[in-house]
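# below is the structure, and that's it, no one-letter string:
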């Protein structure tokens with residue numbers, strides 16, 4: 001009889017994936033492989049999203065196989081509007097990792113830490129390539145889980161002289177500033193937060209634009225992480241149409257991103273094409289990286305957790 005697969009809770013996953021920075025090198029490889037087409041060895045359909053309209057929720061199913069890692073996984077993620085202030089998180093996720101050679105289930109793990117850290121790591125990769133040469137001011141819009149994970153890796157990987165945060169509920173922004181290491185300036189408005197910022201991260205629950213092009217410094221880089229549905233926005237048309245637009249997946253962005261679909265903005269490149277060197281990084285221009293998150297990112301992170309766990313580290 002085969003043994004039942006082990007389950008790692010969020011605290012255990014955090015132990016084996018202590019820093020998002022551990023993911024940068026394997027995720028760069030995964031992004032490049034994904035954008036290489038069939039020869040890259042990544043098999044990943046666009047996520048299936050099941051609406052749970054009665055409860056204002058969604059269930060997403062995200063399978064992927066990476067030949068280079070020989071890793072097979074599926075993430076199940078739920079997202080419920082209006083739950084961000086309750087005891088139950090708005091986003092919940094579970095990752096299942098399989099043995100590719102025979103389909104056996106190797107490990108079940110809480111997906112919240114993986115989602116937070118791999119998303120922030122991919123934003124850091126985009127920022128490494130696309131940020132202005134001299135970037136001194138970082139702005140974070142939103143104060144939830146993704147804000148914390150982005151702050152952690154961005155302060156590890158880059159040297160900003162000033163960090164600003166804004167959140168719709170100011171108390172949450174103030175709590176963020178008191179919780180993290182380092183000085184963070186709490187702003188009263190989005191305009192105050194983004195004016196003069198070199199790098200902007202949007203990790204909000206917004207469904208209508210909150211970031212307007214007239215406020216954005218020419219040449220700034222924006223990581224747009226929220227608004228993961230085709231009718232949701234964080235960025236207005238002026239931002240989207242006056243930037244060089246990069247995405248994680250063209251297919252995914254054209255199906256899921258309201259910022260891309262509703263603005264009609266033209267996608268310039270996938271981030272993996274920049275990593276590979278087949279498309280340029282226009283770091284002197286205003287750039288947007290629209291991040292929807294990809295299953296192969298979860299696969300790579302889950303494999304890293306599994307390797308560490310199984311080796312007893």
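Received it, and whenever you're ready, just let me know what you need. Note that the structure is a prediction, hence the values are computed from the model and not measured.
# part of a strand, is residue 208?
No: read with DSSP: H, G, I helix; E, B strand; the rest coil, residue 208 is coil and lies in no strand.
# that one against residue 233, yeah?
Yes: under the criterion of C-beta atoms under 8 Å, residue 208 makes contact with residue 233 at 5.8 Å. In short, each C-beta sits where N, CA and C put it, glycine included.
# okay, these two: which has more neighbours?
Neighbours were counted for residue 208 and for residue 233 using other C-beta atoms under 10 Å; residue 233 has more, 25 against 11.
# what's the local residue count around residue 229?
By the measure other C-beta under 10 Å, the count of residues near residue 229 is 18.
# quick one: contacts for it?
Residue 229 sits next to 58, 207, 256, 258 when contact means C-beta atoms under 8 Å, 6 or more residues apart in numbering.
# over to it. Which of the three states is it?
coil.
# cool, residue 33 as well?
Three-state call for residue 33 (three-state DSSP): helix.
# which non-adjacent residue is nearest it?
Leaving aside its sequence neighbours, residue 33 sits nearest to residue 40 (C-beta to C-beta, 6 or more residues apart in numbering; 3.6 Å).
# dihedrals phi and psi, residue 205?
phi -100, psi 20 (degrees, to the nearest 10).
# quick check: it touching residue 228?
No: the pair residue 205 and residue 228 fails to qualify as a contact (C-beta under 8 Å) at a distance of 10.3 Å.
# the strands in the stretch 201-313 of the chain, which residues?
Along the stretch 201-313 of the chain, counting by DSSP state E, counting those that start in this stretch, strands occupy 221-224, 244-247, 267-270, 287-290.
# dump those to TSV, plus distance to residue 110, mean pLDDT and mean neighbour count.
Converted to TSV, the strands of the stretch 201-313 of the chain look like this (distance: least, C-beta to C-beta, whole Å; pLDDT from 0 to 100; neighbours: other C-beta atoms under 10 Å):
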stretch	distance to residue 110	mean pLDDT	mean neighbour count
strand 221-224	24	98	28
strand 244-247	27	98	24
strand 267-270	29	98	19
strand 287-290	27	98	27
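# adding distance to residue 66, write those strands out as JSON lines.
Formatted as JSON lines, the strands of the stretch 201-313 of the chain follow (distance: least, C-beta to C-beta, whole Å):
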{"stretch": "strand 221-224", "distance to residue 66": "23"}
{"stretch": "strand 244-247", "distance to residue 66": "19"}
{"stretch": "strand 267-270", "distance to residue 66": "16"}
{"stretch": "strand 287-290", "distance to residue 66": "21"}
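# how about those, which one is nearest residue 303?
Residue 303 sits nearest to strand 267-270 of all those, at 21.7 Å, using C-beta to C-beta.
# run through this structure and note the low-pLDDT ranges.
1-2, 82-86, 313 (pLDDT under 70).
# remind me, longest helix of it?
helix 112-130 (DSSP state H).
# what's whichever helix or strand comes after that helix in contact with?
Under the assignment DSSP states H and E, the closest C-terminal helix or strand after helix 112-130 is strand 137-141. Strand 137-141 is contacted from outside by 147, 150-151, 154, 158, 160-167, 187, 190, 193-194, 196-204, 210-211, 234, using C-beta under 8 Å, 6+ apart.
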